[in-house]
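Chemist: got a predicted structure plus its sequence, pasted below:
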Amino acid sequence: MDGATYRVLDGCRINKDKPLDFWFNGEKFTGYAGDTLASALLAYGAFPVGRGLKYHRPRGIYTAGSEEPNALIQLETGGRTQPNLRATQVELYGNLIATSVNAWPSINFDLWRVNDWLSPLLPAGFYYKTFMGGGVATGRWWRLFESSIRRAAGFGKAPSAPDPDRYERMNAHCDVLVIGAGPAGLAAAAAAVKMGCRVILADEQAQIGGDLLADDREINGAPALDWVGATLKTLSKAPDVRVLNRTTVAGLYDDNFVIAVESVGDRNGPPAPSQLPRLRMWRIRARQIVLATGAHERPYVFPNNDVPGVLLGHAIRHYAGGYGVVPGRRVLLGTTNDSAYRTARMLSEAGLGVTLADSREAPPPSLVEAVTRVGVTVEVGFAISAVRGSRRVCGAEISRILRDGAVASAPRSMEADLVGVSGGWNPALHLASHRGAKPVWNETQACFVPSNLTALGIHAAGAVTGVGALADCLDQGHAAGRAASKAAGKIRRTRKPVIEGDDVADPVPLQKIWAVDNRQPGGKRGKAFVDLQNDVTTRDIALAAQENYRSVEHLKRYTTLGMGTDQGKTSNVIGLALMGQQTALEPEAMGVTTFRPPYTPIPFGALVGRDQGELFDPVRETPMFDWHVANGAIFENVQLWKRAYAYLKPGETLEQAVKREVLAVRNGVGIMDASTLGKIDLKGPDIVKLLNMVYTNRWDTLKVGSARYGLMCREDGMIFDDGVTARLGKDHYVMTTTSGNAAIVLAWLEEWLQTEWPDMQVFATSITEAYATTTVAGPTARDLMSSLDSDIDWSNDAFPHMTVRTGKVMGVPARVFRVSFSGETSYEINLPARYGMALWEALVVRGAIPFGTEALHVLRAEKGFILVGQETDGTVTPFDVGMGWAVSKKKDFIGKRSYARKDTARQDRKHLVGLLPVNKSTVLPEGGQIVDDADQEAPMAMLGHVTSSYWSPMLNSGFALALLKNGRNRSGDTIHILSLDGNADEARVVDPVFYDKERARMRG
Amino acid sequence: MLLIQCPYCGPRDESEFDYGGEADIVRPKNPEKLSDAEWADYVFFRTNTKGRFKERWVHTHGCGRWFKIVRNTTTHEHGDVTVFGGVEPEAE
């Protein structure tokens, strides 16, 4: 690229001793430390940096801040790439790489520019009208063209590799959060600090000072930046103040919860220094908030207003004052208000030719006189009515203007290569909108201002309230800082400091102009863009009105006005005002669309923070976990637990391992790590009352030392958990739950105990992790246990099925439950967690075969035992699964009344059945739908589904459990199970107990 | 995210709590005597109030206690904390 010939002034923000090279769209540029990407590019002129979304016309940098609609760039490449950053907010660093996001195939040759020439065919709603408007034919068109339309419309690219950077999250609390560090925010922060508050001051810019950085303002007769420096010094000395620059407050939520994103390592370019995160997400809870977010300048609209070289007037001043960059030699400024006069004076003093077209009939004489004195030509009563050029401004027209924006004279041609537009100010009230505060119309300033904030704990100050004078901003800032402190409970008498601005003595209100209606003979025609990011023109809005769209929300969705990454920061108000003109409504009556978080886009990395990879979720490991890992276990996740699924010997397949483990339990003895089973300790005199309510069966008769199986249901009568509860003493029980439901069952008990039966005296305590639980199961389980050093009598008479014993095992206090899920003689040995591994290893040494959860599932399914969550899904009653024997008729319990409801009492509900595939080698697909006739027309009559399906080494056949409509009455029938691949398997309906129906083995 | 006044622990972030739905739904004393419609009303039906709504919360990731608050469902203003079982929390 040619030299940076547009760097004509000294800028207060840049360091000319530190040049930095960077690459934009493959070309090398040089800027300075302190530059933004936008200011460094503008130093080379206002050339195209992207293309419009729909018509693909060249677009240049338009603003100097977060409201930028055009200059969206993709920063860096590979895993570190970030799409849709605003060049106006990207701080320059050495060797930065950026590309335009919307310029396929290239910035200089954009194939889709054809859309501009075809634009008469592409009105608002074109895609939907044409491709999705209804009818089969149009739907086909859409399918044909969708991918190319989507590519043409796309913004940016997703990263091509995982993001290697680190993102952090911080929580913070404060009395007063001040958002925005311009004059109002700084005055507010200073006031709050004086009142003794904990203060956080956040600002999206790299430097503190807000608008004061762009200007040569004075406060108390000295340069304003001196006051900024002094105020910052005061803040830095205060004990509880945090100043967060480069921090965008992205969202305001209930009770003043605030999300802010701080750029940390990011600004030095990738990779972020190892000790720094790239971004830091702040979660701030503020007692009170001072909203000092300032205002965004808005333009007025005229034909060809999208040509590179047309900028907001304030942005031109910002680049000139802050970075010494003026991307033109001959400047035309169009204004409707006083704010452009400072820009005109600054540029003229720098030696540039400046014409200022002020639409008002009577601007303040003092301002006109002051700029005329330094060589500015002022055209009173004129507005810009068109711009010439396509890739670059090469001239403009101005016309005499009437009050409503209509042109009253033939245009005058103007020489210009840089055009600045100042149409007024839109308070940046987005954050107030996040809290539901409705914006109200301020007719004097012709803008929406936030309202009713105090009740929300928010205090607005400065330009966000619609004021323009520096003195007003400072005053309001101080007052808001004090008011917020008082509301936060910090009351202290302080003296009001003297802070005086240097405002013009005789301000004149702005003129409301939204669009210059250029219909004079000889006037240049062309598209007049309201929303530059979404390519919405004045014609689109007129069309929407013509097609009877009335509400601003509909206007937004029909024309896409105000969508996209900038959320219409420069365009919304103009768009709705133009809509209002079409329908003879004032903006006040039109209202605005609701702004929602985030204020500017947030990278996913910042949202995710450290919650990824192994830190995504905690992992719960049992005391025997290391042994499982060392012995070939593969694991399954049960909630957060890692459970051994099967132990694979070298060379063994999963199927072989499961078969070996199942046979070990059926023929000898196996051991399983059951530590994850939920264990709830119950103490108190009213436990029986509680158990009688939460379980479907009766608990009055359970003796000390005995255990009982129970089903838990919700009030709708559906099963939600099951487990064994044992009585250890008179008022002491232990309840077990499924591994996944341990916390849920405890919460369930607590909910009833606290909210419904507060008089019931029961303490429920989770003891799941206090114990390591080993299940010892198989015909030789008793022999194995007897071989251990223990004072427990393991004989069947002394320790029968469904009892519990306490004693010592290997010298360690143990609770042993004689319960069985496998159908074999089975003991669950609970030891204090730290002894779990010792017992496990002792059992392995004595020849016990470890088995995992898959083998257990085969064993229990052979027995027809349900697994909650597998056979049940919240729509299954105890009767449905054939467990009516566990439902008491003699007492009330949670869910009981529901069994008398019509649907629950039906006799043909889906019942638990067993299935045997006709082809024995088949393992039916779990989840497979059951039908009578697999050849029937779709939609088929679906009768149920397969809930569990395995290979049984004992049956030497596949087998399954299923829920089947009217299943109990269909024994012996042949049904069909559909697979996802379209095939159907034949199976026979059988009893769900496949093995040891007499239950002799587990009782023996 | 609401800042909820736990009557036992003080103000805490909403993420520490679980929501328990409409408050003061009392379990019928004699379910067997209710009609299907009455039972269904207790099990399934809740008011869908626009405005002030008395609801239950539990401080799951804190003290584990249940309590009731009144929340305005349109503005999210909330307050008027009450506890279960008549045991008033001790003043801080």
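Modeler: Happy to help now that I have it.
Chemist: now whichever residue of chain B sits closest to chain A, what's its secondary structure?
Modeler: Going by CB to the nearest CB, chain A is nearest to residue B:85 of chain B, at 3.0 Å. (Each C-beta comes from the backbone N, C-alpha and C, glycine too.) Under DSSP: H, G, I helix; E, B strand; the rest coil, residue B:85 falls in the coil class.
Chemist: ok, now which ones touch it?
Modeler: Neighbouring residues of residue B:85 by CB atoms under 8 Å, 6 or more residues apart in numbering or on different chains: A:754, A:758, A:759.
Chemist: cool, residue A:637 as well?
Modeler: Here residue A:637 is in contact with residue A:643 (CB under 8 Å, 6+ apart).
Chemist: mind redoing it with 10 Å?
Modeler: Residue A:637 sits next to A:617, A:619, A:620, A:643, A:645, A:740 when contact means CB atoms under 10 Å, 6 or more residues apart in numbering or on different chains.
Chemist: if we can go back for a sec, most neighbours among the contacts of residue B:85, please name it.
Modeler: Ranked by the number of neighbours (other CB atoms under 10 Å in any protein chain shown), the contacts of residue B:85 place residue A:754 first, at 19 neighbours.
Chemist: which among the contacts of residue A:637 end up buried?
Modeler: A:620, A:643, A:645, A:740 (16 or more other CB atoms under 10 Å in any protein chain shown).
Chemist: and the second one, which of the three is it?
Modeler: Using three-state DSSP as the criterion, the local structure at residue A:643 reads strand.
Chemist: need the contact list for it.
Modeler: A:620-622, A:625, A:628, A:633, A:635-637, A:672-676, A:739, A:852-854, A:856.
Chemist: show me those that map onto helices.
Modeler: Among the contacts of residue A:643, the residues falling in helices (DSSP state H) are A:625, A:628, A:853, A:854, A:856.
Chemist: follow-up on the earlier one: ok, of the buried ones among the contacts of residue A:637, which one's closest to residue A:987?
Modeler: Comparing the buried ones among the contacts of residue A:637 against residue A:987 with CB to CB places residue A:645 closest, at 25.9 Å.
Chemist: what residues are up against the closest one?
Modeler: Contact partners of residue A:645, counting by CB under 10 Å, 6+ apart, are A:628, A:633-638, A:654, A:657-658, A:852-857.
Chemist: apply 6 Å and report the result again.
Modeler: Going by CB atoms under 6 Å, 6 or more residues apart in numbering or on different chains, residue A:645 touches A:634, A:635, A:636, A:852, A:853, A:854.
Chemist: whichever of these end up buried, select them in PyMOL.
Modeler: Burial among those is assessed by 16+ other CB under 10 Å; the matching PyMOL selection reads:
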select buried, chain A and resi 635+852+853+854
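Chemist: redo the contacts of residue A:645 as a markdown table? Include distance to residue A:604 and pLDDT.
Modeler: Output for the contacts of residue A:645, formatted as a markdown table (distance: CB to CB, whole Å; pLDDT from 0 to 100):
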| residue | distance to residue A:604 | pLDDT |
| --- | --- | --- |
| A:634 | 31 | 98 |
| A:635 | 29 | 98 |
| A:636 | 29 | 96 |
| A:852 | 36 | 98 |
| A:853 | 35 | 98 |
| A:854 | 36 | 98 |
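Chemist: so where's chain B uncertain?
Modeler: B:86-92 (pLDDT under 70).
Chemist: quick one: low-confidence parts of chain A?
Modeler: Chain A contains residues with pLDDT under 70 at A:1-2, A:103-115, A:117-154, A:518-524.
Chemist: got the domain ranges for it?
Modeler: Following automatic domain parsing, chain A resolves into domains at A:1-124+A:137-159, A:167-295+A:427-487, A:299-423, A:528-598, A:625-675+A:770-860, A:678-769, A:905-1003.
Chemist: go ahead and confirm residue A:90 touches residue A:37.
Modeler: Yes. Counting by CB atoms under 6 Å, residue A:37 is a contact partner of residue A:90 at 4.1 Å.
Chemist: ok, the two, which is more surrounded?
Modeler: Remark: of residue A:90 and residue A:37, residue A:37 carries more neighbours, 27 against 23, as counted by other CB under 10 Å.
Chemist: measure that one to residue A:242 for me?
Modeler: Noted for residue A:37: a distance of 28 Å to residue A:242, by CB to CB, to the nearest Å.
Chemist: what sits against the closest residue to residue A:460 other than its chain neighbours?
Modeler: Distances taken as CB to CB, 6 or more residues apart in numbering or on different chains place residue A:291 nearest to residue A:460, at 4.6 Å, with adjacent residues excluded. By CB under 6 Å, 6+ apart, the residues touching residue A:291 are A:179, A:458, A:460, A:464.
Chemist: list just the nearest of those to residue A:599.
Modeler: Among those, and counting by CB to CB, the member closest to residue A:599 is residue A:179, at 9.8 Å.
Chemist: next up, the contacts around the closest one.
Modeler: Counted by CB under 6 Å, 6+ apart, residue A:179 has contacts A:202, A:249, A:291, A:293.
Chemist: and the stretch 651-800 of chain A, which residues reach chain B?
Modeler: Counting by CB under 6 Å from any CB of the partner chain, the stretch 651-800 of chain A comes close to chain B at A:715, A:716, A:754, A:755, A:756, A:758.
Chemist: can you classify the nearest residue to residue B:44 once chain neighbours are set aside by secondary structure?
Modeler: Among residues not flanking residue B:44 along the chain, residue A:716 sits closest, at 7.5 Å (CB to CB, 6+ apart). Following three-state DSSP, residue A:716 is assigned to coil.
Chemist: residue A:716 contacts residue A:899, correct?
Modeler: No. Using CB under 6 Å, residue A:716 is not in contact with residue A:899; the gap is 10.2 Å.
Chemist: just the helices in chain B please.
Modeler: All helices of chain B, identified by DSSP H, fall at B:36-44.
Chemist: what is the residue most central in space within it paired to in the beta sheet?
Modeler: For chain B, the residue nearest the mean C-alpha position is residue B:56 (1.0 Å; CA atoms, centre = their mean). Under the criterion DSSP bridges, residue B:56 forms beta bridges with residue B:68.
Chemist: show me what contacts it?
Modeler: Residues in contact with residue B:56 (CB under 6 Å, 6+ apart) are B:20, B:23, B:68.
Chemist: among those, who's most crowded?
Modeler: Most neighbours among the contacts of residue B:56, by other CB under 10 Å: residue B:68, with 20 neighbours.
Chemist: just checking, that one touches residue B:23?
Modeler: Yes. In this structure, residue B:68 is within contact of residue B:23 by CB under 6 Å, at 4.3 Å.
Chemist: intersection of neighbour lists for the two?
Modeler: Common contacts of residue B:68 and residue B:23 (CB under 6 Å, 6+ apart): B:54, B:56.
Chemist: point me to the residue of the stretch 851-1000 of chain A nearest chain B.
Modeler: The nearest approach of the stretch 851-1000 of chain A to chain B comes at residue A:897, 3.6 Å away (CB to the nearest CB).
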